[in-house]
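Chemist: This is a predicted model, with the sequence first.
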Amino acid sequence: MKNDTINIIKKLGAPQIMGAQASSLLLKRTAILIAIALLATTPLTACTKKAADPQLHHAQDEAALPIVPTVKVESRVLSRDLLLPGEILPYQDVPLYPKIPGFIKWIGVDRGYWVKKGQVLAQLIAPEVEAQRHECEAKMLQARAQISEAQQKLSSARALVTESKAHYKSNQDTYSRLKKAAEVPGVISGNELEDWAQKSEGDLAAVQSREEIVHAAESQLSAAKDAEKAAAKALDHIKELLAYLTITAPYDGMITERNMHVGSFAYPPHGQAGYPPMLRIKQLSLLRIVIPVPEYAIDAVDIGTNITFKVSAYPDRTFVGKVARIAHSLDVKTRTEPVELNYWNTDKTVDPGMFPQITWPMKRSYQTNFVPSTAIKESLETPFVVKIKDGIAHRIEVRRGQTMGDFVEIFGDVQAGDLVAEHGTENLAEGMEVKAEPSTGKEAEGPTPATPQG
């Protein structure tokens, strides 16, 4: 150290200073240089002493590591509510058309009317159909007259057949007796026996002829009956058509449309565009709440589950519907599956067309891993968390799942209980040595740099 001081004095050019004044100045400068040299060498000595102590050296190394607040990966069962849009529809919605064209004779309801099942709503008239009904009635009367005439002819023909059979039997019996008596020579002449034989044959021909008349009368009667049946069937068909001219309510509901009035010509729908209906009736006591449920949330509920919803018309009320139908088929465009709720609209406050906000409960049947949302670092490639194991930082690529409060579901090479940096950051490189400390719950931007120790 002395040699170092002398060298410094030499460098300052002491030999160039002359006289007493110069000597005094030299002494002052020398003292200052010595003090500076001592101050410069003191820390080195202290550090040298610390290096000689291994425990002190280890503590100094730990103090030099960045401090990383950490949290544990938690295993939880996902349970959260999704807010989904929906559509409110009437349980039944029917446009009312006449079966056949006709003029409206009377209409007794209008938009906003509540009606009961079977209630007569309107009455039409169709002159052409009425004419067809009269024609069918005339044909049926004519057929009945023909039936009566055919029955009379058949009765007469059957009576003649009976009479002819009796006459034939009498003559046949007489012929049989005479033929037997003619076996004795001289009792019956041959001419007489021949006459009776011809009479018997004539009677048999008369029976056959009159039986043919009976068959003809039976055929005529059958044809008349067929004509009556055809006329009756045609008349029934016409009556059915006329019945369609009376428009009744198919169920309890409300009339939501009225497009025609008395005197209007109403007709059935035709073609792709169709005609406007006379009336439209909707069942409002029971509503359908249709919900497009995302694919990842479809397994959350089953048939019969109660689901709550709200509508903007009544912001302070919560309505409850019940899952009634699940489509079990996804829309490939939206990746959603329609689910229908039944809602009994007893107080008639909810109307079709309102925009509901459905609270859809989403819950898994198994546990998954969760970390605070701050622990996930989004990168240009794949999101990752920084796992701290044995004081070494490891970047673990993860896939995001569902959120539950401030926590996010993750899938990757992490297990429940693993320590991860509370705040994911690019500053923690793979393999970097850090000092892990439990999180205090305070917000931070990243690892806390260590304070250099002297």
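Modeler: Sure, I can see it. Residues are numbered from 1 along each chain as shown.
Chemist: List the contacts of the closest residue in space to residue 312 that isn't next to it in sequence.
Modeler: Closest residue in space to residue 312, ignoring its immediate chain neighbours: residue 355 at 6.5 Å, by C-beta to C-beta, 6 or more residues apart in numbering. Placement of C-beta: from N, CA and C, glycine included. Counting by C-beta atoms under 8 Å, 6 or more residues apart in numbering, residue 355 touches 85-86, 88, 311-312.
Chemist: Could you dump the residues you listed into CSV and include neighbour count and distance to residue 124?
Modeler: Putting the contacts of residue 355 into CSV (neighbours: other C-beta atoms under 10 Å; distance: C-beta to C-beta, whole Å) gives the following:
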residue, neighbour count, distance to residue 124
85, 10, 42
86, 25, 39
88, 22, 33
311, 17, 39
312, 9, 41
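Chemist: Could you list the domains of this structure?
Modeler: Here the domain assignment for the chain is 2-52, 67-77+367-438, 87-96+281-365, 127-243, based on automatic domain parsing.
Chemist: Residue 298 - that's part of a helix, no?
Modeler: Yes. Under DSSP: H, G, I helix; E, B strand; the rest coil, residue 298 sits within a helix.
Chemist: Which helix or strand contains the spatially most central residue of the chain?
Modeler: Closest to where the C-alpha atoms of the chain average out (C-alpha atoms, centre = their mean) is residue 338, at 1.9 Å. Counting by DSSP states H and E, the element that carries residue 338 is strand 336-344.
Chemist: How about residue 131?
Modeler: Assigned by DSSP H and E, residue 131 falls in helix 127-181.
Chemist: how far away is residue 285 from residue 320?
Modeler: 16 Å (C-beta to C-beta, to the nearest Å).
Chemist: higher neighbour count, those two?
Modeler: residue 285 (17 against 11; other C-beta atoms under 10 Å).
Chemist: For that one, which residues are in contact?
Modeler: By C-beta under 8 Å, 6+ apart, the contact list for residue 285 reads 91, 252-253, 344-346, 348.
Chemist: With neighbour count as extra columns, can I get the residues you listed in a markdown table?
Modeler: Below are the contacts of residue 285 laid out as a markdown table (neighbours: other C-beta atoms under 10 Å):
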| residue | neighbour count |
| --- | --- |
| 91 | 20 |
| 252 | 17 |
| 253 | 24 |
| 344 | 12 |
| 345 | 19 |
| 346 | 8 |
| 348 | 10 |
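Chemist: Which ones among the residues you listed map onto strands?
Modeler: Cross-referencing the contacts of residue 285 against strands under DSSP state E gives 91, 253, 344.
Chemist: Now flag whichever of those residues is closest to residue 421.
Modeler: Nearest to residue 421 among those is residue 344, at 52.5 Å by C-beta to C-beta.
Chemist: Please tell me I have it right and the closest one contacts residue 289.
Modeler: No. Using C-beta atoms under 8 Å as the test, residue 344 is too far from residue 289 to be in contact (11.4 Å).
Chemist: how close does residue 424 get to residue 433?
Modeler: Counting by C-beta to C-beta - residue 424 and residue 433 are separated by 18 Å.
Chemist: make that residue 287, sorry
Modeler: Distance, residue 287 to residue 433, by C-beta to C-beta: 64 Å.
Chemist: quick one: which of those two has more around it?
Modeler: Comparing residue 287 with residue 433 by other C-beta under 10 Å, the one with more neighbours is residue 287, at 25 against 13.
Chemist: if we look at the sheet, which residues does that one bridge to?
Modeler: residue 90, residue 343 (DSSP bridges).
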